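Asker: Provided below are the primary sequence and the corresponding predicted coordinates.
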Amino acid sequence: MKNEQPNLSMIQEISSDQDFQKSILQTIRKEFLEEVKLFEDNFTSQQYENAAIHVHKIKHKVALLGLKQGEQLTDEFEKQLKKGKTQLHKQFLEVLQKIHVYLYH
Amino acid sequence: MNAIIVDDDATARLIIKELCLNSNKINVLEEFSSAIDAIKFLNNNEVEVVFLDIHMPSFSGFDFIETLSNPPKIILTTSDKKLALKAFEYKSVVDYLTKPVTKERFDKSLEKLDVFLNDDQNIGADQTKSEFLYVNVDRRLVKVHIPSIYLIEAKGDYINIKTEEKNYLVHSTLKKVEDKLPSEIFIKVHRSYIINISQIVDIEDNTVLINKDVIPVSRTNKSDLMKKLNLL
């Protein structure tokens, strides 16, 4: 998973239209920040079931940015959070960090 | 074909909208982040198909379908493959798409939609009949509710039709009963077994747990089963 980097392959497969690709990235940039904040707020206050709902939302974006292993990890983290388990939290944050760098730098 | 998109995720709505635009078959009238707003729209507008997210806050996609008295065709979208099995319980559901939706999978979904819309005129009269199966048991004609059947097992010259309430041993063949069952819900997984895929509890290697029965899946039928479940 360390070698996996966000990319546009999935988005390009959906449509080759440049305007669409710009538009979807803009939407992802906006939604990603909101969803990560909601996740962090819920996780910090140990509301793990609510946090899992936001992980579920983030998962779609992880997949859209071509991170297959990241998506699997996110899926597993979502399932574990629903059971109150948090062991994958650190790895999940690494995935979020990769996406953050890709989208905003 | 007129459509609406219902999903609280703006990214997901944008993708479906783009795929619809590129298909040249679907005209998106509106998009909604709220299922309730979508229902209000449907009450006043003609729509042939709804692209509907299952996971929405307060009001799920399934709540949406159950609220509508005469729903248009539904294509469900979900990131949760397990929920997709529940989709088969609803007659108005044509297909489900696992997120992120790919162009290839979306195009296949439109092909299924075409078939459903063309069949509508022919199956109207059959819809009531297809809910029930009439079987001859001990010289009595017994009415069996098809969705309650979870398994049909071949036993020599007989078939054993299993429902949650009781079993029916009928002098017949699997082939004859298979022809009377809705193919989107029932599938032959082995020369001796037909299962109701909406009742699958678990799948492991070459067996499927259906209700409390462990049923073998033959190699030749496994790929059909997986296609039907639309597993990645």
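Answerer: Right, received. Where do you want to start? Numbering: from 1, shown residues only, chains lettered A, B, ... in the order given.
Asker: How about whichever strand or helix holds B:Ile161, which residues are buried there?
Answerer: Using DSSP states H and E, B:Ile161 falls within strand B:158-163. By neighbour count with 16 or more other Cβ atoms under 10 Å in any protein chain shown, strand B:158-163 contains the buried residues B:Ile159, B:Ile161, B:Lys162, B:Thr163. Bear in mind the C-beta positions are built from the backbone N, C-alpha and C, glycine included.
Asker: Could you export those residues as JSON lines, including pLDDT?
Answerer: Shown next, in JSON lines, are those (pLDDT from 0 to 100):
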{"residue": "B:Ile159", "pLDDT": "91"}
{"residue": "B:Ile161", "pLDDT": "94"}
{"residue": "B:Lys162", "pLDDT": "95"}
{"residue": "B:Thr163", "pLDDT": "93"}
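Asker: is it possible to export the residues you listed to TSV including distance to A:Lys68?
Answerer: Formatted as TSV, those follow (distance: Cβ to Cβ, whole Å):
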residue	distance to A:Lys68
B:Ile159	43
B:Ile161	43
B:Lys162	40
B:Thr163	41
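Asker: strands paired with the strand holding B:Ile161, and their directions?
Answerer: When pairing is defined by DSSP bridges, strand B:158-163 lines up against strand B:149-155 (antiparallel), strand B:167-171 (antiparallel).
Asker: Close to chain B: what parts of chain A are there?
Answerer: Residues of chain A lying near chain B by Cβ under 8 Å from any Cβ of the partner chain: A:10, A:13-15, A:17, A:20, A:23-24, A:27-28, A:30-31, A:53, A:56-57, A:59-61, A:63-64.
Asker: which residues touch the nearest residue to A:Asp17 once chain neighbours are set aside?
Answerer: The shortest distance from A:Asp17 to any non-neighbouring residue, by Cβ to Cβ, 6 or more residues apart in numbering or on different chains, is to B:Glu18 (7.2 Å). Residues in contact with B:Glu18 (Cβ atoms under 8 Å, 6 or more residues apart in numbering or on different chains) are A:Ile14, A:Ser15, A:Asp17, A:Phe20, A:Ile24.
Asker: Chain A: helices as residue ranges?
Answerer: A:9-14, A:18-44, A:48-64, A:68-82, A:89-104 (DSSP state H).
Asker: on that earlier part again, quick check: of the buried residues of strand B:158-163, which lies closest to B:Glu89?
Answerer: Nearest to B:Glu89 among these, counting by Cβ to Cβ, is B:Thr163 at 15.2 Å.
Asker: just to revisit the earlier point, so which of the strands paired with strand B:158-163 is the most packed in?
Answerer: Of these, the one with the most neighbours on average (mean count of other Cβ atoms under 10 Å in any protein chain shown) is strand B:149-155, at a mean of 20.
Asker: what does it contact?
Answerer: So strand B:149-155 is contacted by B:133, B:159-164, B:169, B:173-174, B:177, B:181, B:186, B:191-196, B:199, B:210-211, B:213, B:215 (Cβ under 8 Å, 6+ apart).
Asker: for the record, mean pLDDT for that strand?
Answerer: In this model, strand B:149-155 has a mean pLDDT of 93.
Asker: what does stretch A:11-22 give?
Answerer: 94.
Asker: Same check on stretch B:75-88?
Answerer: 76.
Asker: quick one: furthest residue from the center of chain A?
Answerer: Within chain A, A:Asp17 marks the point farthest from the mean C-alpha position, 23.6 Å out by Cα atoms, centre = their mean.
Asker: Next one: that residue relative to B:Phe132, how far apart?
Answerer: In this view, A:Asp17 and B:Phe132 are 49 Å apart by Cβ to Cβ, to the nearest Å.
Asker: what's around B:Asn70, how many residues?
Answerer: Summarising burial for B:Asn70: neighbours were counted as other Cβ atoms under 10 Å in any protein chain shown, giving 6.
Asker: any idea which helix or strand carries it?
Answerer: B:Asn70 belongs to no helix or strand, assigned by DSSP H and E.
Asker: Tell me the pLDDT of it.
Answerer: B:Asn70 is given a pLDDT of 76.
Asker: Need phi/psi at it.
Answerer: phi -140, psi 80 (degrees, to the nearest 10).
Asker: And it, how far from chain A?
Answerer: 31 Å (Cβ to the nearest Cβ, to the nearest Å).
Asker: what's the average pLDDT for the longest helix anywhere in chain B?
Answerer: Ordering each helix of chain B by length in residues (DSSP H) puts helix B:103-123 first. For helix B:103-123, mean pLDDT rounds to 76.
Asker: for that helix, packing partners?
Answerer: The contact analysis (3 or more Cβ pairs under 8 Å, 6 or more residues apart in numbering or on different chains; DSSP states H and E) places helix B:103-123 against helix B:10-23, strand B:73-78, strand B:93-98.
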